[in-house]
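**Student:** build me a model from this:
(2 chains)
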Amino acid sequence: MSENMYNTVKQWMLAAILILCDNMVQKASAQEDTFVFTPQWTAQAQFTGYYVAEAKGFYQEAGVKVKIEHPSTTQPAMSRLRQNLCQATTLQLCQAMEIVDGGIPLVNILQTSMNNAMVIVSSRGKDPLKQKGAKVGIWSVGFGQLAICMSIKDHLDYQWVRFAQNVNLFVSGALDATLAMSYNEYYQLVQAGIEMTDKNVYRFCDHGYNVQEDGIYMTRDYYENHRDQARRFAQASRKGWEWAAEHPEEALDIVMQYVDREHIATNRVMQRLMLKEVLRLQVDRESKKREFRLRRDMVQQASRLMVDNHMLSREVTYEELLDKKK
Amino acid sequence: MNKMIAYIRRKLSVRVSLWVVLFAALIFIAALSFLFYQAREAVRQEAINRATQILNNTSLRVDSILNRVEVATDMTGWLVQRHPDKADSMFVYSRGMLQNNPDFYNCSIAFEPYYFKEQGRYFSAYSKHIGDSIRTIQGGSDRYQYFYTDWYLMPQLLDHPCWTEPYMDLDAPTNTSEMVSSYCKALKDREGRIIGVVNTSLSLNWLSQTISAVKPYPNSYSIMIGRGGTYFVHPDSTKITRQTIFTQTIEQPDTALVALGHAMQRGEEGRKRMKVDGEDCYVFYKPLGKTGCSMAIVCPESDIFGGFDNLRRTVMTIVCIGLLLMLYFFIRIITQGCSSRS
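**Tutor:** Take a look at the predicted model:
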């Protein structure tokens, strides 16, 4: 072999070794940097896919070292994102739009919910639409934007009473009605012996307010510098959800491990009902499929509603919530 | 069988004896049935009286402690409303509450946002027993926004003092938690505007132990539920704070259990006969003061009527054996009498 050819081969081999080492270092450093993920509420079946992804090693396979840290019931998950205590969180679409409008650009890296889960439950069998001026419970951590829009639009003038968690205020008779999620507080009320009928339960999804809810969001700054990590995390999370849909009872076992670890006062019956409802909400009404995507029409609908009711200063567009380079 | 019937028809002694024994049996059945029915009723009434007395005694004990909490909290509220502008005094009042009442769990006097502007958004004079001493701090933060808690909102919304549903109170500095219920009263200024809430908590450990110890029969047990039906006392500890009395009826409908749950939630007092875990039971229930909680004693029928059923079986056995012996001897006597005449 001539000297030139030898040098060329030597250079190619060096280059190959360098590329290989660089990949290994990147993957190693990506794994070493812990990615803190904060779901928007305390441990429960609403976040089954993420628990499954962690427990089954989907995050590890994807090369992302994930730590799931839950917020407290009086501190919004978004405040953890703002303070850089976590790299990603779940938010409802309307909540994310408010935050974007407030000056913090966000990117939706995975949309899990395809339907709206919010309901209003009235006391004493009354119709929520006939309770003008009623005292209605709303979460203090920031859900409920659609309900506020509906109250303004339909001239119901509800008096919003912000509560931290659970349904005690409603059960004690301190409220005329309360907002509830069809997968959580709704079943808490069922467990409290409250009778649920078509008359005293108003479902937003059935009255023209079927706007998507839960998705995973990152600040745009972080996303721009960690695209690959975000993609891998989102893919592994989606895999976790798909696995949970195919193995609901096993997924429930995993959920119960997390709720027990976090000392959450709940039970398997409640979590089974929650998981079943959350999985149902992930199926798009039109396509009948689990799509895992943000829908442009729903973003537009939510944006217009919130602008019309002065909850946003301007429309937040579909493109603003997604990866601009796609 | 046909041979036996033919034999009976041939033998006068057998026929006569059978009629006599049958007649005697009818009399015994009538008399014993009446006796057993009355005896069973007496046993049942005794069980009712016993369980009711235990419920009343427990309720009285609980009421006396709850009343002390209510009176002490009302007094503290009165003091605060006389001097609502002195922030430092609030620490003295909340600490004094615990010094004068060592069995209270904690006390907080919490105010509306920025009520004391120099203290910031959150101001809650919070005192708690820690071993032999009392820790007094300023509570409230972005991580614990007390404005949205049950104890802060309920008295304002209901416009009267009230007890909260029992909850697990987490003490962050010591990372310990205890099940408590809080009596809370809204504080108002001279114009009637809400300025804050005073709240006194009582640990429910002693209540749990008191109720759990109630056991009129060997296999009976006690439960306590809150307004929302949540179990706060139950022999199965995995259900405590995690399940309600209605939880199991969601997947396995049980109209009797649902009816019991609703009756207890409405604060009713009474008893029900129903199946609990497949066993016939009497359930006696009574509300606990104004807490919104209700207590019940579950007594299996096998415990209540166990002794009575044993007695009944023994007596019936003796009667059956006696009638058979009577039949035998009547046949012999009549047969011998007929033989001697012929």
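**Student:** would you map out the domains in the chain?
**Tutor:** Picking chain A for this. With domains defined by automatic domain parsing, chain A comprises A:33-113+A:213-321, A:118-206.
**Student:** actually it's chain B I care about, not the one you picked
**Tutor:** Following automatic domain parsing, one gets these domains for chain B: B:21-71+B:215-320, B:83-203.
**Student:** residues of chain B that sit close to chain A?
**Tutor:** Contact residues (C-beta under 8 Å from any C-beta of the partner chain) of chain B with chain A: B:142-150, B:153-154, B:157-158, B:162, B:164-165, B:168, B:177, B:227-230, B:239, B:241-248, B:250-251, B:258, B:261-262, B:265, B:292. Bear in mind the C-beta positions are built from the backbone N, C-alpha and C, glycine included.
**Student:** restricted to buried residues, select the residues you listed in PyMOL.
**Tutor:** Restricted to buried positions by 16 or more other C-beta atoms under 10 Å in any protein chain shown, the PyMOL selection for these reads:
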select buried, chain B and resi 144+145+146+147+148+149+150+153+154+157+158+162+164+165+227+228+229+230+239+241+242+243+244+245+246+247+248+261+265+292
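**Student:** so which of the residues of chain B next to chain A are in strands?
**Tutor:** For the residues of chain B next to chain A, the ones inside strands are B:Cys162, B:Met168, B:Ser177, with DSSP state E as the criterion.
**Student:** so the second one sits against B:Phe232, correct?
**Tutor:** No. Under the criterion of C-beta atoms under 8 Å, B:Met168 is not in contact with B:Phe232, lying 10.5 Å apart.
**Student:** identify the contacts common to the two.
**Tutor:** Counting by C-beta atoms under 8 Å, 6 or more residues apart in numbering or on different chains, the contacts common to B:Met168 and B:Phe232 are B:Met179, B:Thr241.
**Student:** now the helix or strand where A:Ile120 lies: mean pLDDT?
**Tutor:** Using DSSP states H and E, A:Ile120 maps to strand A:118-122. For strand A:118-122, mean pLDDT rounds to 96.
**Student:** same check on stretch A:284-299?
**Tutor:** The predicted model assigns stretch A:284-299 a mean pLDDT of 95.
**Student:** what about it, how long is it end to end?
**Tutor:** Criterion C-alpha to C-alpha, to the nearest Å; first-to-last residue distance in stretch A:284-299 is 15 Å.
**Student:** send the alpha carbons of stretch A:55-62 over as CSV?
**Tutor:** The C-alpha coordinates for stretch A:55-62 follow below in CSV (Å, rounded to 0.1, in the frame of the first residue of the first chain):
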residue,chain,number,x,y,z
ALA,A,55,-41.7,1.5,34.6
LYS,A,56,-41.3,-0.5,31.3
GLY,A,57,-38.1,1.2,30.4
PHE,A,58,-39.4,3.0,27.3
TYR,A,59,-37.6,6.2,28.3
GLN,A,60,-34.4,4.3,29.0
GLU,A,61,-34.6,2.7,25.6
ALA,A,62,-35.0,6.1,24.0
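**Student:** which parts of the stretch 101-250 of chain B are helices?
**Tutor:** Secondary structure of the stretch 101-250 of chain B (DSSP state H, counting those that start in this stretch): helices at B:150-158, B:205-212, B:247-251.
**Student:** try chain A
**Tutor:** Secondary structure of chain A by DSSP state H: the helices cover A:3-32, A:48-55, A:58-61, A:77-82, A:93-101, A:145-153, A:168-171, A:185-191, A:220-225, A:227-246, A:248-261, A:268-281, A:296-308.
**Student:** any idea which helix or strand of chain A has the worst average confidence?
**Tutor:** helix A:3-32 (a mean of 63; mean pLDDT, DSSP states H and E).
**Student:** so which residues on the stretch 101-250 of chain A come close to chain B?
**Tutor:** So the stretch 101-250 of chain A meets chain B at A:135, A:140, A:161-164, A:166-169, A:171-175, A:188, A:190-193 (C-beta under 8 Å from any C-beta).
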